[in-house]
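J.: Return atomic coordinates for the entry below.
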Amino acid sequence: MVFFGVAIALATLLTPERRHLAQKWIWLGGLIALFIALPNIIWQIERGWPTWVLLNGIAKSNKNVVLTPWEFFSQQITLMNPVTFLLWFGGLIWLLASRDGRRYRAIAFTYLIALAEFIVMHGKNYYLAPAYPMLFAAGGVAFERIFALRFRWLKPAIAFLVIVSAIVLVPVVLPVLPPEKSVAYMRAIHFEVPRTETSHTAALPQLYADQFGWEEMVRSVARVYTSLPANEQKLAAIFCQNYGEAGAIDFFGPKYGLPPALSGHQNYFYWGPNDYSGEIMIVLDDDATNEREQFGSVEDRGLVESSPWAMPWEQRLHIFVCRGLKIPLRELWPKVRAWF
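T.: Numbering: from 1, shown residues only. Next comes the predicted model:
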């Protein structure tokens, strides 16, 4: 919303719409927007601007796929359905070049500035998605006017193509097919969803792959947890490396009798270590290098159970039973904070 707000402000300055800046209503609207956002701004200030820290952490982690300007724009065409390109891009041209569209040129500038922001900041390809309804609206008006008197047959033809292409792409954007058939279908139509993260090597698009393997993982942790003596279960904390694992423990865990998860990843860090001492911890990690430095003993209970359709990194997780944390958990906690 900040990026979009900046784009709107600059677009207003670059067009005749800047005349509104001389009226009180636009400033009153801005004040109301600031008031609505104020709790979030205060939260950010009190915690050292974690969103900015997160963006910097991601930029340095090589987590996201870095796109060239052309790759970013071409992926917009893919994500919006290639058949609709002429509609929304035509709307952009109509806003910029036509006599009737010029009075709404601020919309076109808003889109172009937001596009430039995300290209420069190496944003993910879908960050710009909320900007397209206004271009579709402009394109609809432009097509109506162009084909009002001539080539009337093109209007139903375009509508037909959009509907058919949407039907063809339904199995790509909605989980209506089993995983194996979904993969086969995308290969058959030669359609590949653009990757957004470098770790995505799963057969399914990441949107789907990220939905597999979580309950299997939690069941694996539950088996290890229930295998501990009763006195150790009361003391045992479950520590996860990222919010996905921790969220799965918190969501499915009550069903299997597990306590809430701990994690230093993003907002989980702020919820702290609770009352755990670190005397015994079940840790999910792909290797135990850090754990062997921090604990007196580390026992590898093997890989988590997963799904062949899950993200590959989920299939590499081990469950470690760690005992005898060398320093108090509350003292260690500031060091487990992770922003990526």
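
J.: and the helix or strand where residue 251 lies, average pLDDT?
T.: Secondary structure from DSSP states H and E places residue 251 in helix 243-252. Here helix 243-252 scores 96 as its mean pLDDT.

J.: Tell me how far that helix lies from the chain's centre.
T.: 16 Å (CA atoms, centre = their mean, to the nearest Å).

J.: Likewise for stretch 169-187?
T.: 21 Å.

J.: Can you give me the neighbour number for residue 315?
T.: When counting by other CB atoms under 10 Å, one arrives at 18 neighbours for residue 315. Where C-beta positions appear, they are placed from N, C-alpha and C, glycine not excepted.

J.: Quick check: chain neighbours aside, which residue is closest to it?
T.: Using CB to CB, 6 or more residues apart in numbering and skipping residues adjacent in sequence, the residue nearest residue 315 is residue 306, 4.5 Å away.

J.: The one you found and residue 63: what is the separation?
T.: Between residue 306 and residue 63 the computed distance is 21 Å (CB to CB, to the nearest Å).

J.: who has more neighbours, the two?
T.: Per other CB under 10 Å, whichever of residue 306 and residue 63 has more neighbours is residue 306, with 19 against 13.

J.: Pretty sure residue 218 is one of the things the more buried one touches, is it not?
T.: No. Residue 306 is beyond contact range of residue 218, at 11.0 Å (criterion: CB atoms under 8 Å).

J.: So which residues make contact with the worst-scoring helix or strand of the chain on mean pLDDT?
T.: Lowest by mean pLDDT, DSSP states H and E among the helices and strands of the chain is helix 50-61, with a mean of 82. Helix 50-61 is touched from outside by 44, 64, 121-122, 266, 338-340, with contacts defined as CB atoms under 8 Å, 6 or more residues apart in numbering.

J.: Show me what counts as buried in that helix.
T.: Neighbour-count burial for helix 50-61, counted by 16 or more other CB atoms under 10 Å, picks out 50, 53, 58.

J.: Also stretch 122-131?
T.: 123-125, 127-128, 131.

J.: Which of those residues sits closest to residue 319?
T.: Among the buried residues of stretch 122-131, residue 124 lies closest to residue 319 (CB to CB), at 31.1 Å.

J.: Please verify my assumption that that closest one contacts residue 63.
T.: No. Under the criterion of CB under 8 Å, residue 124 is not in contact with residue 63, lying 10.4 Å apart.

J.: how about the CA coordinates for the helix holding residue 251, as CSV?
T.: Only the C-alpha atoms of helix 243-252 are listed here, as CSV (Å, rounded to 0.1, in the frame of the first residue of the first chain):
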residue,chain,number,x,y,z
TYR,A,243,6.8,-19.6,10.4
GLY,A,244,5.5,-22.3,8.0
GLU,A,245,6.6,-25.2,10.2
ALA,A,246,5.6,-23.3,13.4
GLY,A,247,2.2,-22.5,11.9
ALA,A,248,1.7,-26.1,11.0
ILE,A,249,2.5,-27.2,14.6
ASP,A,250,0.1,-24.6,16.0
PHE,A,251,-2.7,-25.6,13.5
PHE,A,252,-2.5,-29.4,13.5
